[in-house]
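S.K.: Turn this into a model:
(4 chains)
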There are 2 protein chains.
Amino acid sequence: MVTIKDVAREAGVSVATVSRVLNGSGPVSAQTGERIREVAGRLRYVPHGGARSLITRKTHTLGVLLPDLYGEFFSEVIRGMDDTAQRQGFHLLISRAHADKHGIETAMRAMRGRVDGVVAMSPDLDAESLLNVPSMLPVVVLCSAPRGDSADCLTIDNYAGSKAMVGHLISLGHKRIAIITGAARNYDAAERMRGYRSALRQAAIAADGALAVQGGFTESGGYAAALQLLAVTPRPTAIFAANDSMAIGALSALRESGVRVPEDMAIAGFDDIPLARYMDPPLSTVRVPTYELGARAVEILLHGIRNQNHHARHRERVSTELVVRRSCGAVPGRSPQR
Amino acid sequence: MVTIKDVAREAGVSVATVSRVLNGSGPVSAQTGERIREVAGRLRYVPHGGARSLITRKTHTLGVLLPDLYGEFFSEVIRGMDDTAQRQGFHLLISRAHADKHGIETAMRAMRGRVDGVVAMSPDLDAESLLNVPSMLPVVVLCSAPRGDSADCLTIDNYAGSKAMVGHLISLGHKRIAIITGAARNYDAAERMRGYRSALRQAAIAADGALAVQGGFTESGGYAAALQLLAVTPRPTAIFAANDSMAIGALSALRESGVRVPEDMAIAGFDDIPLARYMDPPLSTVRVPTYELGARAVEILLHGIRNQNHHARHRERVSTELVVRRSCGAVPGRSPQR
DNA sequence: CTGGCGAATGTAATCGTTTACACAAGGGCC
DNA sequence: GGCCCTTGTGTAAACGATTACATTCGCCAG
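M.R.: Here you go, the predicted model:
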């Protein structure tokens, strides 16, 4: 590998001059600059990022800690992060960590000296340990219960979104509304459940334990949960799935059981993944600005980095939007397929 | 930030001893070791990864160059990569690059000194420039036309998969088979097209230019393409979409046009994304082992790294599998929804 | 008693950069 | 001519680790 020394020797100057030319710092004669640039090009010199960041104390890299990379949701979040980071000259060091204390600590250790800051997504309710990791690094905590004030914090307004959707179902006349919940001990899942309960309470509808089934955020989980809900008597008239994947699985289960949607059963999801509108019937859902979530997280992190973490802590919540399509029965639209 | 020097001073030893204790290299008395470990813990010392990799010449990080992060496909590839990398103690530095020469070069420069090797996904047919980047780094090229022998190379067997699916449609009696193609100048797209043509030729069916419409790999592209195909006379009896997203978009377009699937029109996709089986009707498709693709790419790369790139070049192709569900009409199954 | 060996530890070079500081040359001004 | 400023360049000290080599000490064999 060719280093700055090789370039200096070949051009007959000192390394300092080469550095000055390549970074445009300090005065260099036009002639020397030209020669050095020529030599660097000819030798195909590429600066060693690691060495450089050791002395400059900037890595221009952001660490991203994820619980699991799964489905379109994460892919969109990462896209939002990468776009924003790249626009500011930063790269992404992505690491999946087990959500437990040990996993997070290990990941954080591995990032030391490689990143300028970290976006940590840790929806696991128990994993508050994250905040105990006392690093000087700026950290943005994503989709997690906000505690402590050592880190910035960005969440989705799950509660309001969930409440709005269930409220909408109630306004359509539904009284027995089931919920397919997300992963256990997941913050987003818990908040969506809270919104569901709150909407019911507000309409003076008594909660029925049999109408809450866990689906674990996966298609197959939603499928199984829907089958289970069909067996409940009296049967619910609407199912609110805590994400679109589960709603799609449920849709498929109902179809196979000969239950018409929305005539016999209303269905709604959460997230508004791109595929939602292409379902049959198109899926009513709560839009989560996933891309913007990632983008915003990086913006907040970069702000923290620029201020060397000496800034007032952010505590932000991105809002959701009710998306009413045919699956919940509100929009008459075309009659369902023959 | 606390450094190794701080630990050494506090423990009353030299940095060398601290290093020896923490890495388990060289002999240290049990007593000294104990004290140093205690001090390191108390001071919450975390080694500086950048500094360490400068001298050891190992970063334990793999660069990943992607054309775009989009949809479930990439999310699965990354998952496969990260799992495999992490199991071997490596991290992932992910970067989206514009597929053009400049974008790739910039990204490669940024990776110098930060990674031990690179997996580059560059499906753009023109971007052969990648191979011209003369770095000593081991590189695995993913889903790209194999050229040159400076890099290992891993592709999907698009040709065989596509040919198998079209052959299957032909065996069902279809003669007018349309194709919704992927992005222009995309290697995978081109190969799938080649398989389609080959299958037709083998069945002595003349190709009809009007039956090939571009869909750009997106749901909306597939939707628009399907509408366009419905207007062709004589109308095709089957549509082969070059990926599942487009097939789902097409499915939705047909539904809205009152065309029954599979009775009036057979549909097939490519990729077998998780959602495919939950469509109505469940989507026939070609399974691509996406997770394994990412996993295998990292395995090959790690092999190259261990051999310091002095190994015979790999040229591997992961095979696909025909998945027949109801959308192509081969499986009678339950009669379509009333 | 001495020489050699192994264990425990310290000293200093090294990795590839950036950058503070020193230095030399040239020019303008008094 | 002496002074100061500007411009161009080099020297060497960082950055935070690892590690080859040197040193010290105790012990044991000859």
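
S.K.: And the helices in chain A?
M.R.: A:4-11, A:15-23, A:30-43, A:49-56, A:71-87, A:101-111, A:158-171, A:187-202, A:219-230, A:244-256, A:290-306 (DSSP state H).

S.K.: weakest of the ones you listed by average pLDDT?
M.R.: With a mean of 83, helix A:101-111 has the lowest mean pLDDT of these.

S.K.: So which of the helices of chain A is the most surrounded?
M.R.: Highest mean neighbour count of the helices of chain A: helix A:244-256, a mean of 26 (counted as mean count of other C-beta atoms under 10 Å in any protein chain shown). To be clear about C-beta, it is placed using only N, CA and C from the backbone, and glycine gets the same treatment.

S.K.: Report the backbone C-alpha coordinates of that one in CSV.
M.R.: Below are the C-alpha coordinates for helix A:244-256, written out as CSV (Å, rounded to 0.1, in the frame of the first residue of the first chain):
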residue,chain,number,x,y,z
ASP,A,244,-48.7,-4.2,8.5
SER,A,245,-46.9,-7.5,8.2
MET,A,246,-49.2,-9.0,10.7
ALA,A,247,-52.2,-7.4,9.1
ILE,A,248,-51.2,-9.0,5.8
GLY,A,249,-50.8,-12.4,7.4
ALA,A,250,-54.2,-11.9,9.1
LEU,A,251,-55.8,-10.9,5.8
SER,A,252,-54.5,-14.1,4.3
ALA,A,253,-55.9,-16.2,7.1
LEU,A,254,-59.4,-14.6,6.9
ARG,A,255,-59.4,-15.1,3.1
GLU,A,256,-58.7,-18.8,3.6
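
S.K.: Check whether it comes near chain B.
M.R.: Yes: for helix A:244-256 and chain B, the contact criterion (C-beta under 8 Å from any C-beta of the partner chain) is met by A:245, A:248-249, A:251-252, A:255-256.

S.K.: Pull the most distant pair out of those residues.
M.R.: Distance extremes for the residues of helix A:244-256 next to chain B: the farthest pair is A:Ser245 and A:Glu256 at 17.3 Å, using C-beta to C-beta.

S.K.: these two touch, right, A:Met121 and A:Ser144?
M.R.: Yes: the pair A:Met121 / A:Ser144 is scored as a contact, 7.3 Å apart, by C-beta atoms under 8 Å.

S.K.: burial of A:Ala97, as a residue count?
M.R.: Neighbourhood size, A:Ala97 [other C-beta atoms under 10 Å in any protein chain shown]: 23.

S.K.: Was I right to think it contacts A:Asp68?
M.R.: No: taking contacts as C-beta under 8 Å, A:Ala97 lies outside contact range of A:Asp68: 9.2 Å.

S.K.: Please work out how many residues are found near the closest residue in space to A:Leu142 that isn't next to it in sequence.
M.R.: The spatially closest residue to A:Leu142, leaving aside those adjacent along the chain, is A:Met121, at 4.2 Å (C-beta to C-beta, 6 or more residues apart in numbering or on different chains). A total of 24 residues lie near A:Met121 under the criterion other C-beta under 10 Å.

S.K.: hang on, the earlier thing: nearest to DNA strand D, of the residues of helix A:244-256 next to chain B?
M.R.: Nearest to DNA strand D among the residues of helix A:244-256 next to chain B, counting by C-beta to the nearest atom of the strand, is A:Ser245 at 42.4 Å.

S.K.: how near is the most centrally placed residue in chain A to chain B?
M.R.: Central residue of chain A (C-alpha atoms, centre = their mean): A:Val77, 4.3 Å from the mean position. Relative to chain B, A:Val77 is positioned 10 Å away (C-beta to the nearest C-beta, to the nearest Å).

S.K.: ok, the nearest residue to that residue once chain neighbours are set aside to chain B distance?
M.R.: Distances taken as C-beta to C-beta, 6+ apart place A:Gly294 nearest to A:Val77, at 4.0 Å, with adjacent residues excluded. As judged by C-beta to the nearest C-beta, A:Gly294 and chain B stand 10 Å apart.

S.K.: A:Gly294 reaches A:Phe74, doesn't it?
M.R.: No: here A:Gly294 does not reach A:Phe74: they are 9.1 Å apart, not a contact under C-beta under 8 Å.

S.K.: Would you pull up the residue in the stretch 201-338 of chain A closest to DNA strand C?
M.R.: For the stretch 201-338 of chain A, C-beta to the nearest atom of the strand, closest residue to DNA strand C: A:Gln308, 15.8 Å.

S.K.: residues touching the residue nearest to the centre of chain A, list them.
M.R.: Listed by C-beta atoms under 8 Å, 6 or more residues apart in numbering or on different chains, the contact partners of A:Val77 are A:121, A:142, A:290-291, A:293-294, A:297.

S.K.: ok, now with 10 Å
M.R.: Residues counted as contacts of A:Val77 (C-beta atoms under 10 Å, 6 or more residues apart in numbering or on different chains) are A:64, A:66, A:69, A:119, A:121, A:142-143, A:288, A:290-295, A:297, B:69.

S.K.: do A:Arg79 as well
M.R.: A:290-291, A:294-295, B:68-71, B:74-75, B:96.

S.K.: give me the residue from the stretch 51-200 of chain A nearest DNA strand D.
M.R.: A:Ile55 (3.3 Å).

S.K.: Look up the residues that both of A:Gly294 and A:Phe74 are in contact with.
M.R.: With C-beta under 10 Å, 6+ apart, A:Gly294 and A:Phe74 have common neighbours A:Met121.

S.K.: Please work out the residue of the stretch 101-250 of chain A nearest to DNA strand C and name it.
M.R.: For the stretch 101-250 of chain A, C-beta to the nearest atom of the strand, closest residue to DNA strand C: A:Gly113, 12.4 Å.

S.K.: For the residue in the stretch 51-200 of chain A positioned nearest to DNA strand C, which residues are in contact?
M.R.: Taking C-beta to the nearest atom of the strand, DNA strand C has its nearest neighbour within the stretch 51-200 of chain A at A:Ala51, 3.3 Å off. When contacts are counted by C-beta under 10 Å, 6+ apart, A:Ala51 touches A:3-4, B:50-51, B:53-54, B:112-113.

S.K.: what's the distance between A:Val115 and A:Gly173?
M.R.: 52 Å (C-beta to C-beta, to the nearest Å).

S.K.: Name the residue in the two with the higher neighbour count.
M.R.: A:Val115 (28 against 10).

S.K.: my guess is that one meets A:His60, correct?
M.R.: Yes: counting by C-beta atoms under 10 Å, A:His60 is a contact partner of A:Val115 at 9.2 Å.

S.K.: Find the residues that touch each one of these two.
M.R.: A:53, A:90-91, A:305.

S.K.: Would you check which of those are in contact with chain B?
M.R.: Contacts with chain B within those, as defined by C-beta under 10 Å from any C-beta of the partner chain: A:53, A:90-91.

S.K.: quick one, what contacts A:Asp116?
M.R.: So A:Asp116 contacts A:53, A:57-63, A:90, A:137-138, A:301-302, A:304-306 (C-beta under 10 Å, 6+ apart).

S.K.: in the stretch 101-250 of chain A, what residue is nearest chain B?
M.R.: Residue nearest to chain B within the stretch 101-250 of chain A (C-beta to the nearest C-beta): A:Gly113, separated by 3.5 Å.

S.K.: neighbours around that residue, how many?
M.R.: Neighbour tally, A:Gly113, other C-beta under 10 Å: 20.

S.K.: pretty sure it is touching B:His48, no?
M.R.: Yes: at 3.5 Å, A:Gly113 and B:His48 qualify as touching, with contact defined as C-beta under 10 Å.

S.K.: what's the overlap in contacts for those two?
M.R.: What both A:Gly113 and B:His48 touch, as defined by C-beta under 10 Å, 6+ apart, is the set A:54, B:1.

S.K.: pLDDT score assigned to the nearest residue to A:Gly89 once chain neighbours are set aside?
M.R.: Leaving aside its sequence neighbours, A:Gly89 sits nearest to A:His60 (C-beta to C-beta, 6+ apart; 5.8 Å). Looking at A:His60, its pLDDT reads 96.
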